[in-house]
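1. Need coordinates for the following:
(2 chains)
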Amino acid sequence: MTMRASWLFPVLVILAAAVPVAFMTNYHLFQLTMVVVYGIAILGLALLTGFNGQISLGHGAFYAIGAYTTAILMSTWNVPYWATLPVSAAVCALVGFLIGLPALRLGGLYLALTTFALAVAIPQILKYKGIDDWTGGVQGLVIDKPDAPFGLDLSADAWLYLFTLGVAVILYVIGWNIVRGRVGRAMMAIRDHAMAAETMGINLAMVKTRTFALSAMYTGLAGSLGAIAVQFVAPDSFGVFVSIFLFVGLVVGGVSSIGGTLLGAAFVEFVPNLADQVSKAAPGAVYGVILIAIMFLMPAGAGGFLGGLWRKVVRTR
Amino acid sequence: MLEGVIHQIMSGIATGGIYASVALALVMIYQATHHVNFAQGEMATFSTYVTLMFINAGFPYWVALAIGVALSFAAGVAIERVLMRPLANAPVLASVGVFVGLLLVINSLSGWFFDYTIKQFPTPFPDHPMLGGYLSGHELGSTAVTLIVLLSVYLFFRYTRLGLAMRAAAFNATSSRLVGVRVGWMLALGWGLAAAIGAIAGCMVAPIVFLDPNMMGGILLYAFAGALLGGIDNPLGAVIGGFMVGIIENLGGAYLVGTELKLTLALVIIVAVLTIKPTGLMGRRVYSRV
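-> Below is the predicted model:
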């Protein structure tokens, strides 16, 4: 009974997610696409921070690398958008693995600090003159939004939303299985007590660097999809605030809740729009206040809170 | 060539002084609570705005600075009492979350109250080159102010009873409590002092880089690098590290990577220190029993 109920919920969510294509405007579909994109990015961060206990304040860097990989492939080599995703995944996983190596030696706080530095430095690196034949320098790159294939009667935005949703479903299923499996238990064991995990025969270095690579791959893929949806990449759209927003989304959704990543993503996408009407400064203030409030009142985030409720409902039936 | 190198080193020392002050502020909080205050830079920026407000209201420069520093001290104490105290034993993620939240809130408040336009900030120092043209009047003056601040912090911790009590509280909270030191208040005072030092650093750097809500973002990064280079649990090390980072940044910017990649240089320093010598130049290795 419990088994079926826990399967039912995600399937219903996926079906419900495809419904908006029928009646929403293109702009709203674009917003939903961005929610899914942020969801994937935050899922990447959750795998690293929530399940493995490595705090990253610099995941905007991987988001940027994924976005740029896709943009460069599409604009310079005319690679079709879907074919850029595997490349972007490979590039980001590699970079994540390489950054994971020094991160092995850094405890919680120092890792947060180093990744924060990475987030601050990334726009400068993207602007660097030596590579601006590829990156387009300060101007960035413009890419075309793909049309629906097979002569489907869908707008470009609707198609991109469904495409992104499809990629997201695959990534969430994979993420879910990783976390529920042997590797996921190893990840969580390291988070909870590294030394005990090591005595149980878990290879700390291997699990941590691979988690970093996996996490970077997820966030990088989100960057790729985001770049296709926004049709534009430029160094200044990947400032430190991207990393901070992802972190805020993670905390709001609940650091170790897979479903919560979508709640966090919706928060990141929609709250600035609402708060912007008050003042230009308001989104940051709202984010900050909510971040602090959650740390005090609801450390498991909205996802953890709702997950607890859901388990109660399932149990009482 | 040599002329140029000396010039770069001199202005490296001038900016290094700012990094040294912020690094010192970071280390003071780290020593006592093992937290790194990600909001230190934003707090300093906000203090600088408040000081500017008093200058614009007609107060003389030094009076306005004193008011700004005093208010920052009070705000630092208040933040510790209200936000940080309950999280004293919370996991790292919670403290990082609160610091990032604080960073966002203070940054937005700066923009909200004082708007996002870039502002000029006055300097009390004469506006002509000094030391044979190697430094501007402001650079020399701000270096002097920084050195005075650092020296008085040293004297305070070394020669006053309160300073001793604060060191004791940071070194061993339980034993300090047993001999009657009010550890909680000592931590709050540490926060206040860090905020005050940050305020002075903000006012000293604002005439050079101009004042806007994101003024201290890069500076905080260099200060992190300086604190780590010198050893994050060693105040003297942090100060020396700050000066070194200033010099490295200026020489590197001029001869090595160009000005576009200066922030990346800070990242490289941080990663290099943490992987090669995590304790920094003067830090202590920490052993823990299991």
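
2. In chain A, mark out all the helices, start to finish.
-> Counting by DSSP state H, chain A has helices at residues A:2-18, A:26-45, A:59-77, A:81-103, A:108-127, A:132-135, A:156-180, A:182-192, A:194-199, A:204-230, A:240-253, A:260-276, A:282-297, A:301-316.

3. Are the third one and chain B in contact anywhere?
-> Pointing back at helix A:59-77 there. No. Judged by CB under 8 Å from any CB of the partner chain, helix A:59-77 stays clear of chain B, getting no closer than 10.1 Å. Just so you know, the C-beta spots here come from the backbone N, C-alpha and C atoms, and that holds for glycine as well.

4. List the buried residues in stretch B:75-94.
-> Within stretch B:75-94, the residues that count as buried by 16 or more other CB atoms under 10 Å in any protein chain shown are B:75-77, B:79-80, B:83-84, B:87, B:90, B:92-94.

5. could you list every residue that touches residue 121?
-> No chain specified, so I'll use chain A. A:A121 makes contact with B:221, B:263-264, B:266-267 under the criterion CB atoms under 8 Å, 6 or more residues apart in numbering or on different chains.

6. my question was about chain B
-> Per CB under 8 Å, 6+ apart, neighbours of B:F121: B:48, B:52, B:203, B:206-207, B:210-211.

7. Any of these buried? List them.
-> B:48, B:52, B:203, B:206-207, B:211.

8. touching chain B at all, stretch A:304-317?
-> No. Stretch A:304-317 stays clear of chain B (CB under 8 Å from any CB), getting no nearer than 13.0 Å.

9. Show me what the mean pLDDT comes to for that stretch.
-> Here stretch A:304-317 scores 74 as its mean pLDDT.

10. before we move on, back to that, possible to save the buried residues of stretch B:75-94 as a markdown table with distance to chain A?
-> Below are the buried residues of stretch B:75-94 laid out as a markdown table (distance: CB to the nearest CB, whole Å):
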| residue | distance to chain A |
| --- | --- |
| B:A75 | 15 |
| B:G76 | 17 |
| B:V77 | 18 |
| B:I79 | 11 |
| B:E80 | 14 |
| B:L83 | 7 |
| B:M84 | 11 |
| B:L87 | 7 |
| B:A90 | 8 |
| B:V92 | 4 |
| B:L93 | 6 |
| B:A94 | 5 |
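
11. so how far is chain B from the residue lying closest to A:A148 once chain neighbours are set aside?
-> Nearest residue to A:A148, sequence neighbours excluded (CB to CB, 6 or more residues apart in numbering or on different chains): A:W159, at 3.6 Å. Computed as CB to the nearest CB, to the nearest Å, the A:W159 to chain B distance reads 35 Å.

12. Could you give the number of residues near A:W159?
-> 18 (other CB atoms under 10 Å in any protein chain shown).

13. now swap in A:N78 and tell me
-> Using other CB under 10 Å: A:N78 sits among 7 other residues.

14. Of the buried residues of stretch B:75-94, which one scores lowest on pLDDT?
-> Ranking the buried residues of stretch B:75-94 by pLDDT, B:A90 lands last with 73.

15. my guess is the residue nearest to A:A148 contacts A:F150, does it?
-> No. At 10.0 Å, A:W159 does not count as touching A:F150 under the criterion of CB atoms under 8 Å.

16. sorry, back to before: what's near enough to touch the residue nearest to A:A148?
-> Counted by CB under 8 Å, 6+ apart, A:W159 has contacts A:146-149, A:152.

17. Filter these down to the buried ones and hand me the PyMOL line.
-> The buried residues among the contacts of A:W159 can be selected in PyMOL (16+ other CB under 10 Å) with this line:
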select buried, chain A and resi 146+148
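
18. Tabulate the contacts of A:W159 (JSON lines), appending pLDDT.
-> Converted to JSON lines, the contacts of A:W159 look like this (pLDDT from 0 to 100):
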{"residue": "A:P146", "pLDDT": "76"}
{"residue": "A:D147", "pLDDT": "72"}
{"residue": "A:A148", "pLDDT": "70"}
{"residue": "A:P149", "pLDDT": "75"}
{"residue": "A:L152", "pLDDT": "70"}
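
19. wait, which of the contacts of A:W159 is closest to A:L104?
-> Nearest to A:L104 out of these is A:P146 (CB to CB; 39.2 Å).

20. Verify the contact between the closest one and A:L160 for me.
-> Yes. Assessed by CB under 8 Å, A:P146 is found in contact with A:L160 at 6.8 Å.

21. what sits in contact with each of these two?
-> Contact criterion CB under 8 Å, 6+ apart; residues shared by A:P146 and A:L160: A:I228.

22. In stretch A:75-90, which residues are buried?
-> Result for stretch A:75-90 [16+ other CB under 10 Å]: buried residues A:75, A:81, A:84-85, A:87-89.
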